[in-house]
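> Predicted model follows, preceded by the sequence.
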Amino acid sequence: MVVSSAQYAYANDCSGVLTHISNVIKHNSYTCPGCREEMVAVKGKVNVHHFRHNNATCSYESYLHNAAKNAFYNRFNESKEPIALIMQRAITCQSKKKLFLQDDSISCTNLVEAKFNLRGLFNEASLELYDKSTGFTPDVMLFNTDNDSKCYIEIFVTHECTEEKIASGIPIIEISVNDENDIKYIQESDFSINDINIFLYNFSAKEKSVQECHQNCSLTSHKFETWTLSASGRLNKIEKSFNHLSENELSLNNCWPVTLDKRIQTESIINLVKEMDPRNIYSNCLKCTNASGWDDGQVSCAIKHSSVPYTEAKVCKYYEVVEV
Ligand SMILES: [Zn+2]
Ligand SMILES: [Zn+2]
């Protein structure tokens, strides 16, 4: 887009500092951040105050691009205030109860805000400096002279960060700039990964883990069944949510998630019955050579060719306990 009657709110002063029209000083000279031509502050009574120059070919995109990188560079060099970079940190919960889910693929990870101060991470900024180690010239390069770490600030008006630049592994903050409001944003705001105009490449906040997360724990959505054998040989099931399981009642022998693989559930319940009734006092189809499978109280009988309740053993003439 070419703005012929270019009305810009920003210009560079004689020392290259980006200046808003509201902060111009009389008799100082200003130049266009885009085409570098001289600009005049127009502060009339009728129109919105602006800088004007007579360059019909001045590109608004290059004005925005240069004004934005100056804005960042000036902010880093001139203000002592922290410049926040807000990322997300993964917090993984390591609850002991996780073991009872019997599925390593289940995990609970929450994303929380992790706030860093760019001024604490880096102590120098350079404008359009060629980086020998990568061959790139970032819009602004931040550098830490103590540990040699660096980061690129890239202003995206018409050209996004190239894949080659991202592949360099250098942490990059890409700020998308569409209009002069974004210049103000660069001068004043925190830079958050949640902002639609911020893209972070090669940046990551270290993961952390906690013993238990107290809220938003995704593990709590899992349901368990706990089994006991009554004095009369009946199997009793109680369904409990993850939250209501206390650690001392947990045992892999009598407690498992309702979603546990059926085959493993069958093995588990057979083991439980054997363990709780070692002298075979109670008849239970789960111990019968003719039975297989377990589906919430039912087993399938090879002799009767049907599914029967596990208590059928008490009245079944084919009941035959598996020899251990
Ligand atoms: Zn210009
Ligand atoms: Zn959790």
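Sure thing, it's come through. Ligands and ions are numbered 1, 2, ... in the order given.
> residue ranges for the helices of this protein, please.
60-78, 118-121, 163-167, 180-188, 262-276 (DSSP state H).
> As CSV, those helices with distance to ligand 2, mean pLDDT and mean neighbour count would be great.
Where you see a C-beta, it was placed from the backbone N, CA and C, and this is true even at glycine. As requested, those are exported to CSV (distance: least, C-beta to the ion, whole Å; pLDDT from 0 to 100; neighbours: other C-beta atoms under 10 Å):
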stretch, distance to ligand 2, mean pLDDT, mean neighbour count
helix 60-78, 38, 95, 20
helix 118-121, 30, 94, 16
helix 163-167, 32, 95, 13
helix 180-188, 35, 96, 17
helix 262-276, 24, 90, 16
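> I'd like those helices as a markdown table, with distance to Asn12 appended.
Below are the helices of the chain laid out as a markdown table (distance: least, C-beta to C-beta, whole Å):
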| stretch | distance to Asn12 |
| --- | --- |
| helix 60-78 | 7 |
| helix 118-121 | 23 |
| helix 163-167 | 26 |
| helix 180-188 | 12 |
| helix 262-276 | 71 |
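> need those helices in TSV with distance to ligand 1, can you?
As requested, those are arranged in TSV below (distance: least, C-beta to the ion, whole Å):
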stretch	distance to ligand 1
helix 60-78	6
helix 118-121	29
helix 163-167	27
helix 180-188	14
helix 262-276	72
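> Which residue is the nearest non-sequential neighbour of the closest residue to ligand 1 within the stretch 51-200 of the chain?
For the stretch 51-200 of the chain, the nearest residue to ligand 1 under the criterion C-beta to the ion is Cys58, separated by 3.1 Å. Excluding the flanking residues, the one nearest Cys58 by C-beta to C-beta, 6 or more residues apart in numbering is Cys35, at 4.4 Å.
> per-residue pLDDT, that neighbour?
The model reports Cys35 with a pLDDT of 93.
> Report the contact partners of it.
Contacts for Cys35 (C-beta atoms under 8 Å, 6 or more residues apart in numbering) come out as His53, Asn55, Thr57, Cys58, Ser59, Ser62, Tyr63.
> May I see the ChimeraX selection of the buried members of these?
In ChimeraX syntax, the buried subset of the contacts of Cys35 is picked out as below (16 or more other C-beta atoms under 10 Å):
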select :53,55,58,59,63
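> measure Ile196 to Asn178 for me?
Applying C-beta to C-beta, to the nearest Å, the value for Ile196 to Asn178 is 10 Å.
> my guess is Ala313 meets Asn290, correct?
No - counting by C-beta atoms under 8 Å, Ala313 stays clear of Asn290, with 9.8 Å between them.
> Setting aside sequence neighbours, what's the nearest residue to the closest residue to ligand 2 within the stretch 201-324 of the chain?
Nearest residue of the stretch 201-324 of the chain to ligand 2: Cys217, at 3.2 Å (C-beta to the ion). Leaving out its chain neighbours, the residue that sits closest to Cys217 by C-beta to C-beta, 6+ apart is Cys108, at 5.5 Å.
> Which residue or residues pair with that neighbour through a beta bridge?
Cys93 (DSSP bridges).
> re earlier: more crowded one of Ile196 and Asn178?
Ranked by neighbour count (other C-beta atoms under 10 Å), Ile196 and Asn178 place Asn178 first, with 10 against 7.
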